[in-house]
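Engineer: no letters, just coordinates:
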């Protein structure tokens, strides 16, 4: 294969495939542990947003936890590696900063006030492969295998089940939440592709997401001086929100997910990640007594199965 052909092949595969490093059984076990912890953190994130929507905390309070805590911790890293970070294409840096930044957070938090945890935890990460693949095929001319087509079709049908359940009752606000969840999913796809194409390391990407958005939040807070609801919250619940939003999501999830990919590969890791809606739905049923309608349950099953199928796990090539 010529050098140019090798580069082209690498660029085509770079969006969806990450080859794991050669690791022993101990490293693979650590990879499985990191992937499972990521699922727990992601599930806790959606549960945290729902708790926030039901509590005296406003979206601004949650946004402070989400961006300012990790932003403060990662500011030294951002300063130290600023030359490497700024060397990445500016379009991808913008995609990283906005795709998982304030617009994504504010819209997903608002949507959680209209829809249950099961819907948000399924539609945002579950529909993202549709948008990622659409961009990969249309913009980067990436080939689309038969298994991925079947998987993405299942994801599309599953998402349609959620939309059907909400549009069949247009008098309610459920459809608003579903539409916003799908918009957030598209933003997450932009973030995913931007991180992959920029070449940023996990903590570098986290710094690009959190530090600039934290600065914007603090500037807006100094200008508008909004009233915070921290004093109205029990200390245990307030601490839990800080840990989940600031430490868990802001720092832990990205690092753990990247570590799992490096040890297990993208296919196995994304398949484990597709268990997020199942875990989040179970947690919501236990902690919030949320019930799941048949259409939503069917959609959850289709989306989860579709993500596993689209990941290529069922048709992996043997080394």
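Structural biologist: That came through fine. If you're wondering where the values come from, they're calculated on a predicted model, not measured in any experiment.
Engineer: off-centre distance for whichever helix in the chain runs longest?
Structural biologist: The helix of greatest length in the chain, counted in residues with DSSP state H as the criterion, is given as helix 25-54. What separates the centre of helix 25-54 from the centre of its chain is 11 Å, taken as Cα atoms, centre = their mean, to the nearest Å.
Engineer: do stretch 168-182 as well
Structural biologist: Between the mean C-alpha point of stretch 168-182 and the mean C-alpha point of its chain there is a distance of 21 Å (Cα atoms, centre = their mean).
Engineer: end-to-end on it?
Structural biologist: The distance separating the two terminal residues of stretch 168-182, taken as Cα to Cα, to the nearest Å, comes to 18 Å.
Engineer: what's next to that stretch, contact-wise?
Structural biologist: The contact list for stretch 168-182, computed with Cβ atoms under 8 Å, 6 or more residues apart in numbering, reads 107-108, 110-115, 119-120, 123-124, 127, 159, 162-163, 165-167. In this view, the C-beta of every residue, glycine as well, is placed from N, C-alpha and C.
Engineer: residues of that stretch that come out buried?
Structural biologist: Buried positions in stretch 168-182, judged by neighbour count with 16 or more other Cβ atoms under 10 Å: 174-175, 177-182.
Engineer: between those, which is nearest residue 282?
Structural biologist: Ranking those by separation from residue 282, with Cβ to Cβ as the measure, puts residue 181 on top at 19.0 Å.
Engineer: the closest one sits in which helix or strand?
Structural biologist: Using DSSP states H and E, residue 181 maps to helix 174-198.
Engineer: now that helix: average pLDDT?
Structural biologist: Helix 174-198 shows a mean pLDDT of 89.
Engineer: I'd like the next helix or strand past it.
Structural biologist: Scanning forward in sequence from helix 174-198, with DSSP H and E defining helices and strands, the next element found is helix 202-224.
Engineer: quick one: contacts of that following helix?
Structural biologist: Outside of helix 202-224, the residues that reach it under the criterion Cβ under 8 Å, 6+ apart are 60, 63-64, 66-68, 70-72, 74-75, 77-78, 81, 84-85, 93, 96-97, 100-102, 191, 195, 198, 200, 250-251, 254-255, 257-259.
Engineer: narrow these to those in helices?
Structural biologist: Among those, the members falling in helices (DSSP H) are 60, 63, 70-72, 74-75, 77-78, 84-85, 93, 96-97, 102, 191, 195, 198, 254-255, 257-259.
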